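Q: here is my input, please return the structure:
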Amino acid sequence: MFRFIRTLSHLKYIQIFYRVYYLIRNKFTILKAFSFLKYRHRSNKVLLLDSIFSYKSVEKTEFNFLNLRHDFFNKIDWNFATYGKLWTYNLTYFDFLHQSNISKEEGLYLIDDFIGQFDSLKDALEPFPISIRGINWIKFFSYHSVQNEKRDQSLFFQYNLLMNNLEYHLLGNHLLENAFSLLFGAYYFQNEKFYHKAKKLLKEELEEQILDDGAHFELAPMYHQIMLFRVLDCINLIENNSWKEKELLSFMKQKVSLMFGWLNIMTFKNGNIPLLNDSTNKIAPTTQALHQYANRLNIQENKAQLGSSGYRKIEKNRYELVMDVGNIGPDYIPGHAHSDTFNFELYVDEIPIIVDTGISTYETNARRTLERSTDSHNTVMIANKNQSEVWGGFRVGQRAKIIQLNEQGNSIEAIHEGYKSIGVYHRRKFTTEEENILVEDFIEGENLDASAYIHFHPDVTVVVEENIAFANKIVLKFDTDNIEVKEYEFAPAFNTLQKAKKLKINFTKSLKMEINI
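A: Residues are numbered from 1 along each chain as shown. Coordinates of the predicted model:
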């Protein structure tokens, strides 16, 4: 009960209001009680430059999402739920309309099959999949010069569902996805109601969700790439169509430049992103693909400096070090946050050595809990407790807060209060030189057992001799020999696990770790 209260206490009033409002309204209202055929609304052709191809996920009747395959053979079940809700969502997003090898005829067949089962749809008619599907359908119709009354009626009905179910109860990237899609719906149907709502939400939400240093405020590099992709698509839409004055264009371009500045710093030289918070591979467009899209749109990118996101990156001749010395994300929507304060990733000669463990699932289960926990990150766990109270798949109760941050010369030092309830504070200091990194941990307060964790990429071989660990291109020296070599499962993608090694270094008041490159 107290954990639930600690979680609810951080929500905004609007989230609580809309959770209650939608719950009560939906008990007494059947939103699908009327046929979408009553929604006769003529569409208008929109012009778009080429966007970004999606990852290949469909071939004939076989679909592959989140690295889980299913062949429907004779009949697609758009409510297929065997692999969990996120798989069902992906099925109904229709991202596959933009994979490189799909034809116009194949795409229209899938759209028409979906419309033919409209009365039986469940998860597909929730606002989030409607939002993504709406953009995908409109882009597909544009690229293939398709106009069809029944498809337009279905799409217009879906946009009316979206308008009546905007995700104010969730906010964050969900509400922003609603807004992006409404802008596409507005242009496609030349609908003033959709446009005014989209314009209002886009200005409000992008202003709030894009931090001063350009980061998306949920602090997951994967979601940052997705949000950047959506803004680029909106710029494409506004720039190439004359239905409205281009009143949003300069605002959108300013946000894109800011977002690119952050992403360019955070992306490793080999093109990888750090797998911080809920980030994984082959979901979002790559940084390189985003750059190529921006070039087609003639968008200028600005340089940036990391700040309010709490992330820092040090680049030397041979290594790249990304550190997290900030808070876990927006207090009212920490669903994609992990208990990972003071986490870091290290690449040497463009090769991953020390890594975040990644994510393999969004299902509410033991694996999800483990992947969000402190001991699955390169930081310190005290008294076997998480720094931040992650639970329930996407919930956070008590959370670690940074109470002090000092950056001087080649050192970064911070303190968080995630363990104040048990009478201690964790202080970590990074000192970076050209060929070595010094990481110092201090436990201030009660005399409690602590453990620092270091997770290595699966390709790294680890050998420990007394107080020294040899790990491919690096050597780690500790001021203690209380070191355990353990096995863990690295998650480079959804539903993909690889055996790898980690170190657990046990200490009490302080620990010194020197990493020699």
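
Q: return the residues in contact with the residue of the chain most remote from its centre.
A: In terms of distance from the mean C-alpha position of the chain, E466 ranks first, at 39.4 Å (CA atoms, centre = their mean). Under the criterion of CB atoms under 8 Å, 6 or more residues apart in numbering, the neighbours of E466 are D481. C-beta coordinates here come from the backbone N, C-alpha and C atoms, glycine included.

Q: mind pulling up the pLDDT for it?
A: For E466, the model assigns a pLDDT of 96.

Q: how about E239?
A: Value for E239, per-residue pLDDT: 97.

Q: for it, give me its contacts.
A: Residues in contact with E239 (CB under 8 Å, 6+ apart) are 246, 249, 297.

Q: and the gap between it and I273?
A: Look at E239 and I273: by CB to CB, to the nearest Å, they are 27 Å apart.

Q: next one: S131
A: Look at S131 and I273: by CB to CB, they are 23 Å apart.

Q: more neighbours: which of these two?
A: S131 (28 against 22; other CB atoms under 10 Å).

Q: could you give the mean pLDDT of the strand or helix carrying that one?
A: Element membership for S131 (DSSP states H and E) is helix 127-143. Helix 127-143 carries an average pLDDT of 98.

Q: helices along the stretch 351-500 of the chain, start to end?
A: 366-372 (DSSP state H, counting those that start in this stretch).

Q: for it, which segments count as strands?
A: 351-354, 380-382, 390-391, 395-396, 402-408, 411-416, 424-432, 436-445, 450-455, 462-465, 468-471, 474-478, 483-493, 496-507 (DSSP state E, counting those that start in this stretch).

Q: reformat these as CSV; add mean neighbour count and distance to S54.
A: Below are those laid out as CSV (neighbours: other CB atoms under 10 Å; distance: least, CB to CB, whole Å):
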stretch, mean neighbour count, distance to S54
strand 351-354, 21, 25
strand 380-382, 24, 38
strand 390-391, 21, 30
strand 395-396, 22, 30
strand 402-408, 12, 37
strand 411-416, 20, 38
strand 424-432, 20, 38
strand 436-445, 18, 38
strand 450-455, 22, 30
strand 462-465, 13, 37
strand 468-471, 18, 36
strand 474-478, 18, 37
strand 483-493, 17, 15
strand 496-507, 18, 19
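
Q: thought H338 was touching L370?
A: No. Counting by CB atoms under 8 Å, H338 stays clear of L370, with 10.6 Å between them.

Q: more neighbours: these two, which one.
A: Neighbour totals were compared for H338 and L370, and H338 leads with 30 against 15 (other CB under 10 Å).

Q: tell me the contacts of that one?
A: H338 is in contact with 276-278, 328, 371-373, 376-377, 388, 390, counting by CB under 8 Å, 6+ apart.

Q: how about the secondary structure of the spatially most central residue of the chain?
A: Residue closest to the average C-alpha location in the chain (CA atoms, centre = their mean): Y223, at 2.9 Å. Put simply, Y223 is helix when judged by DSSP: H, G, I helix; E, B strand; the rest coil.

Q: contacts only, for it.
A: By CB under 8 Å, 6+ apart, Y223 lies in contact with 173, 216, 278-279, 284, 336.

Q: low pLDDT regions in the stretch 101-250 of the chain?
A: Judged by pLDDT under 70, the stretch 101-250 of the chain has no weakly predicted residues.

Q: picking that back up, against W87, how distant is the residue nearest to the centre of the chain?
A: From Y223 over to W87 the distance is 19 Å, taken as CB to CB.

Q: cool, F180 as well?
A: Taking CB to CB as the measure, F180 falls 23 Å from W87.

Q: okay, these two: which has more neighbours?
A: For F180 and W87, the more surrounded residue by other CB under 10 Å is F180, and the numbers stand at 26 against 22.

Q: so that one, which state does it fall into?
A: Using three-state DSSP, the three-state assignment for F180 comes out as helix.

Q: is it in contact with L202, as I believe?
A: Yes. At 7.4 Å, F180 and L202 qualify as touching, with contact defined as CB under 8 Å.

Q: mutual contacts of those two, please.
A: Residues touching both F180 and L202 by CB under 8 Å, 6+ apart: C234.

Q: tell me, how many residues neighbour Y18?
A: Per other CB under 10 Å, the neighbour tally for Y18 reads 19.

Q: any idea which helix or strand carries it?
A: Going by DSSP H and E, Y18 is part of helix 13-28.

Q: how close does F507 sit to D278?
A: Per CB to CB, F507 is found 30 Å from D278.

Q: and for L201?
A: Relative to D278, L201 is positioned 23 Å away (CB to CB).

Q: more crowded one of those two?
A: Taking other CB under 10 Å, L201 and D278 do not tie; D278 has more neighbours (23 against 19).

Q: so that one, which of the three states?
A: Secondary structure, three-state DSSP: D278 is coil.

Q: which residues does it contact?
A: So D278 contacts 220, 222-223, 335-338, 359, 362 (CB under 8 Å, 6+ apart).

Q: nearest to N44, of those?
A: When the contacts of D278 are compared for distance to N44 (CB to CB), Y223 wins out at 31.3 Å.

Q: quick one: that closest one from K429, how far?
A: Distance check for Y223 against K429: by CB to CB, it reads 29 Å.

Q: same deal with L125?
A: 51 Å.

Q: got it, and F490?
A: According to CB to CB, F490 stands 27 Å off from K429.

Q: what about the residue lying closest to K316 once chain neighbours are set aside, neighbour count?
A: Nearest residue to K316 in three dimensions, chain neighbours excluded: E434, at 5.4 Å (CB to CB, 6 or more residues apart in numbering). For E434, the count of nearby residues is 10 (other CB under 10 Å).

Q: can you pull the phi/psi pair for E434?
A: Dihedral pair for E434: phi -60, psi -40, per degrees, to the nearest 10.

Q: what is the end-to-end distance of stretch 378-398?
A: Length of stretch 378-398, first residue to last, CA to CA, to the nearest Å: 20 Å.

Q: over it, what's the mean pLDDT, rounded is fine.
A: Stretch 378-398 carries an average pLDDT of 89.

Q: give me the residues contacting the helix or strand encompassing V256.
A: Here V256, judged by DSSP H and E, is contained in helix 249-266. For helix 249-266, the surrounding residues in contact (CB under 8 Å, 6+ apart) are 202-203, 206, 210, 213-216, 221, 224-225, 227-228, 231-232, 234-235, 238-239, 273-274, 287, 290-291, 294, 299-306, 309, 311, 313, 322.

Q: of those residues, buried ones?
A: Among the contacts of helix 249-266, those classed as buried by 16 or more other CB atoms under 10 Å are 202, 206, 210, 213-216, 221, 224-225, 227-228, 231-232, 234-235, 238-239, 273-274, 287, 290-291, 294, 299, 301, 304, 306, 309, 311, 313, 322.

Q: and V424, what does it touch?
A: V424 touches 382, 443-446, 448, counting by CB under 8 Å, 6+ apart.

Q: can you list those residues in a markdown table and add distance to T82?
A: Output for these, formatted as a markdown table (distance: CB to CB, whole Å):
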| residue | distance to T82 |
| --- | --- |
| I382 | 40 |
| I443 | 46 |
| E444 | 49 |
| G445 | 49 |
| E446 | 48 |
| L448 | 44 |
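
Q: buried residues in stretch 343-352, which are they?
A: Neighbour-count burial for stretch 343-352 flags 343-348, 351-352 (criterion: 16+ other CB under 10 Å).

Q: ok, for P129, nearest residue in space, not its chain neighbours?
A: Leaving aside its sequence neighbours, P129 sits nearest to T92 (CB to CB, 6+ apart; 4.6 Å).

Q: can you tell me the SS state at the one you found?
A: Secondary structure, three-state DSSP: T92 is helix.

Q: how far away is it from N384?
A: For T92 relative to N384 (CB to CB), the value is 41 Å.
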